[in-house]
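[1] I would like the atomic coordinates for the input below:
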Amino acid sequence: MKSKEVLAMIEYKEIKSISDSDLRPLYKSVGWVSYTDELSDLSILLTNCQLVYSAWHDEKLVGLIRTVGDGISIQYVQDLLVLPEYQKRGIGSRLLQQVIEQSQEIRQFVLITDGSEENKAAIEFYKQQGLKTFDESGLCGLWRVK
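    Presented below is the predicted three-dimensional model:
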């Protein structure tokens with residue numbers, strides 16, 4: 001099936017009730033083992049999220065974005081993932097744009113990702129979506145190392 005045909009068949013949903021059996025294959029497919037190895041039920045990840053958008057091909061979860069925040073002063077993109085065989089078809093872009101549109105009135109819109117060489121394509125993807133890196137914007141990112 002051609003990329004455009006599949007894209008036309010994708011259904012986007014704003015729902016938080018997604019089962020572990022739907023989420024686990026998606027997280028495993030992109031190698032996010034810190035989630036899959038540590039949690040027995042991934043659906044708990046969605047419970048307290050501000051926004052959750054998902055992409056479905058028939059009954060198969062093929063993409064997900066979730067944010068945390070207070071809905072007023074900060075919106076933080078926690079996860080954006082698309083099954084590898086569905087990547088580069090505009091699904092991730094559409095999910096991210098839905099969240100950006102919903103967050104227009106929120107003061108800070110933040111996404112933090114791995115800055116390694118292996119993640120360069122992801123960083124370029126985010127830049128293409130209109131996001132700026134901290135070093136381009138005068139912001140400073142700080143975190144606690146566990």
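
[2] may I see the buried residues of the lengthiest helix in the chain?
    In terms of residue count, the longest helix belonging to the chain (DSSP state H) is helix 91-102. Under the neighbour-count criterion of 16 or more other CB atoms under 10 Å, helix 91-102 has 91-92, 94-96, 98-100, 102 buried. All C-beta atoms are positioned from the backbone trio N, CA, C, and that covers glycine.

[3] also stretch 115-133?
    Neighbour-count burial for stretch 115-133 flags 125-126, 131 (criterion: 16+ other CB under 10 Å).

[4] now the residue lying closest to Phe134 once chain neighbours are set aside: how far from Gln98?
    Spatially, and ignoring its direct neighbours in sequence, Phe134 is nearest to Gly141 (5.0 Å; CB to CB, 6 or more residues apart in numbering). With distances taken as CB to CB, to the nearest Å, Gly141 is found 24 Å from Gln98.
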